[in-house]
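Trainee: What follows is a predicted protein model with its sequence.
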Amino acid sequence: MKRLWLVGLSVLAMAAVAVLAGEKAKEKAAAKADKEVAAAPAVEMTLTGTVEKVERKGKNGAVFMTWFELSGDDGVMTHLPKGKVEEFVGDKVRIVGTGEETTSKKEKVTRKLETITSIEKIDEAAPAAK
C-alpha cells in the first residue's frame, strides 16, 4: 500500500513539474514576441556608390569574416549580399535591388540589400546624362 501511495505521489509531482515547465515556456515565448520588432517590408531601391570589400581579422592576422558594402554617394553605407558584387570591388556602380532601410535612435540610417536585381558599372569619365 505504501508503494502505491509513493508511486501516486511521484506521478502527481512529475505532472505538476511538466505543467509548470509548459507555462514557463509560454511566458518566455510571449516575452520574446513582445521584444521582436516587426520587420519592415522589402522595398525596391536604386543606389549609387563604390563597392568595398570589408574583412575582419583575428588576433593571428587570418581573415575570418568577409562582407561587401556600398559606400553611397549620400554617405550611407549599405550592406550587400555576396554573389554578384565580387567583380565590382573598387568600382563605382548603380545597383537596383530590394532591401530595407532603418533609422536608429541616434538618427543613423542603415541599409541592407537582400537581393540584387541588376548592377551596372558607371563610367566616371563620361559626362552625366541630363
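Mentor: Structure's in. What do you need?

Trainee: And the strands in this structure, which stretches?
Mentor: 43-57, 63-72, 77-80, 92-103, 109-121 (DSSP state E).

Trainee: buried sites along stretch 64-77?
Mentor: Across stretch 64-77, burial judged by 16 or more other Cβ atoms under 10 Å covers 68-70, 72, 77. Any C-beta I mention is one placed from the backbone N, CA and C, and that applies to glycine too.

Trainee: Next: stretch 80-89.
Mentor: In stretch 80-89, counting by 16+ other Cβ under 10 Å, buried: 80, 84-85, 88.

Trainee: residues in contact with it?
Mentor: Here stretch 80-89 makes contact (Cβ atoms under 8 Å, 6 or more residues apart in numbering) with 51-53, 67-70, 95, 113-116, 119, 121.

Trainee: where does the protein dip in pLDDT?
Mentor: Scanning the chain for pLDDT under 70 picks out 20, 30-40, 125-130.

Trainee: How far does stretch 49-59 sit from its chain's centre?
Mentor: 17 Å (Cα atoms, centre = their mean, to the nearest Å).

Trainee: before we move on, what about stretch 45-55?
Mentor: 17 Å.

Trainee: isn't Thr48 right next to Asp91, touching?
Mentor: No: using Cβ atoms under 8 Å, Thr48 makes no contact with Asp91, being 11.3 Å away.

Trainee: Quick check: neighbours shared by those two?
Mentor: Ile122.

Trainee: show me the contacts for Lys112.
Mentor: 78-79, 99-100.

Trainee: quick one: it and Lys121, what's the gap?
Mentor: From Lys112 over to Lys121 the distance is 22 Å, taken as Cβ to Cβ, to the nearest Å.

Trainee: Distance to Ala29 for the strands of the chain - can I get that in CSV?
Mentor: As requested, the strands of the chain are arranged in CSV below (distance: least, Cβ to Cβ, whole Å):
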stretch, distance to Ala29
strand 43-57, 30
strand 63-72, 31
strand 77-80, 29
strand 92-103, 25
strand 109-121, 26
